[in-house]
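1. below is the sequence, then the predicted model.
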Amino acid sequence: MRQYIISILLALQGLCAMAQDDSIALRISILTCAQGDQIYSAFGHSAIRVRCPERGFDRVYNYGTFDYTQPLFALKFARGYLDYALTVYNFRLFSYEYLRGKRQVSEQDLNLSPRQAQAMFAYLEWNALEENRYYRYNFLYDNCATKIRDILKKACGPDIQFPESNYDFTLRQSINSKISNMPWLRMGVSLLMGLPVDKKATSETAMFMPDYVSETLSHTTLQLNGGSVPLVGQTRVVIDYPPVETADWLTYVSPSLILWLILAAWAPITYLEIKKKRYSAWADATMMCLTGFLGIVVAMAWFMSEHTVCAYNLNILWLWPVHIVAAWKTKSTAKFWTTYYKAAAITCGIFAIAGPLMPQQYDVAFYPMLLIMTMRFARIGFCRIK
């Protein structure tokens, strides 16, 4: 308790000392970090740097930290209950982290007035207090990148004017562009994310991505002394490294390739089953258990988690959780199950054909998956073999 009180007093002391001295020029800039080779760093990172050379003050305010040792970490992450935190540390320490990771960092100086800079600094210092530093992470609406947009709005009010641009790509496409060399991750993201990420991006909604924060700020204006000036002054690279190569052997052994090979191998087997009227159920049972399990995951992500990007997921219309039960009924002669397999075949066939027209974009791996499911459900439903 004593350490907690001391930390608050020290923070308030530093805040008051600088906030009350108008002669001290605070220099505020935005740091944009390139993507790394790990999944958690695939989308890059954003942070805020505050400098005061007169006081030897050079801090980074990082909204992208979390405690992976906390109890039930994996469950909290899966259900969307994971709290992120604002962490403040010296710029040297921040630089060392990205030098070690060999990730490029660029910096944009902001042309804030002394009043605006003091307001932004005061908010950051208040937000860094222990009771204020935690927030509920949201991939699209509340992360390290969107925090920068929102804090600038708080500090500058109506003086800041973001560009009113509409992009010709969706939020999903902007996500996929960052993980194009990670096909397994891209497939998982496409599987779990629903219609919210299929909206066309605007200059503000795209700012959930660090690169678009940097791009949008470079076209943002600020009202100063009765005139309009660019928000960003000088832009420079503070840590220079070439883009990280994220491709590995999994890039080439992609889920799409594997599923097309399975389809090519399974098609003649299906033909021979119909011709010779011989059938082994283990492969179909495996397929239905896997697709049924994926359906359960999709349903849980939509209805049992706080991840808003997982809502209204149309994949649930062809990934039926009940497939897990149907896996053990492939030889049943009951009319219910015969009708079930016919309906599943027709549904998967429709989704395979209508994929390019769907409001929710498919991953390329979904097409061979849907064709496999259509073929096997049709074989079971329309060509009964005991």
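-> Thanks, I have the structure now.

2. how close does the residue most central in space within the chain get to residue 191?
-> With distances taken as C-alpha atoms, centre = their mean, residue 139 lies nearest the centre of the chain, 5.1 Å away. Distance, residue 139 to residue 191, by C-beta to C-beta, to the nearest Å: 15 Å. C-beta here means a position set from N, CA and C on the backbone, and glycine is covered the same way.

3. quick one, phi psi at the nearest residue to residue 376 once chain neighbours are set aside?
-> Nearest non-adjacent residue to residue 376, counting by C-beta to C-beta, 6 or more residues apart in numbering: residue 284, 5.6 Å away. As for residue 284, its main-chain torsions (degrees, to the nearest 10) stand at phi -60, psi -40.

4. residues touching residue 284, list them.
-> 327, 330, 376, 380 (C-beta atoms under 8 Å, 6 or more residues apart in numbering).

5. residue 68: neighbouring residues, count only.
-> Neighbourhood size, residue 68 [other C-beta atoms under 10 Å]: 9.

6. tell me how far it lies from residue 127.
-> Taking C-beta to C-beta, one finds residue 68 at 22 Å from residue 127.

7. what do you get for residue 168?
-> Taking C-beta to C-beta, one finds residue 168 at 35 Å from residue 127.

8. looking at the two, which has the bigger crowd around it?
-> residue 127 (18 against 7).

9. tell me the phi and psi of residue 166?
-> The phi/psi pair for residue 166 (degrees, to the nearest 10) reads phi -120, psi 120.

10. same list (the contacts of residue 284) but as JSON lines, adding neighbour count.
-> As requested, the contacts of residue 284 are arranged in JSON lines below (neighbours: other C-beta atoms under 10 Å):
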{"residue": "327", "neighbour count": "19"}
{"residue": "330", "neighbour count": "23"}
{"residue": "376", "neighbour count": "22"}
{"residue": "380", "neighbour count": "27"}
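
11. among these, which are in strands?
-> Among these, no member falls in strands (criterion: DSSP state E).

12. and which of these is nearest residue 358?
-> residue 376 (21.9 Å; C-beta to C-beta).

13. residues contacting that closest one?
-> 266, 270, 284, 287.

14. in a markdown table: these, plus distance to residue 311.
-> Listed next are the contacts of residue 376 as a markdown table, based on distance: C-beta to C-beta, whole Å:
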| residue | distance to residue 311 |
| --- | --- |
| 266 | 34 |
| 270 | 36 |
| 284 | 31 |
| 287 | 27 |
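
15. return the member of these nearest to residue 341.
-> Of the contacts of residue 376, the one sitting nearest to residue 341 (C-beta to C-beta) turns out to be residue 284, at 9.6 Å.

16. how about stretch 47-59: buried residues?
-> 47-52, 57, 59 (16 or more other C-beta atoms under 10 Å).

17. same deal with stretch 142-157?
-> 142-149, 151-152, 155-156.

18. farthest-separated two in those residues?
-> 143 and 156 (20.5 Å).

19. which neighbouring elements make contact with the helix or strand harbouring residue 126?
-> Using DSSP states H and E, the element containing residue 126 is helix 114-127. Applying 3 or more C-beta pairs under 8 Å, 6 or more residues apart in numbering; DSSP states H and E, we find helix 114-127 packed against helix 2-19, strand 27-33, strand 45-52, strand 83-90, helix 144-156.

20. mean confidence score for stretch 190-208?
-> Averaging pLDDT along stretch 190-208 gives 94.

21. distance of the closest residue to residue 153 other than its chain neighbours from residue 258?
-> Nearest-residue entry for residue 153: residue 160, 6.5 Å, with adjacent residues in sequence omitted and distances by C-beta to C-beta, 6+ apart. Distance of residue 160 to residue 258, given as C-beta to C-beta: 49 Å.

22. of these two, give the one with the bigger neighbour count.
-> Between residue 160 and residue 258, counting by other C-beta under 10 Å, residue 160 is the more crowded of the two (19 against 12).

23. for that one, grab phi and psi.
-> The phi/psi pair for residue 160 (degrees, to the nearest 10) is phi -100, psi 140.
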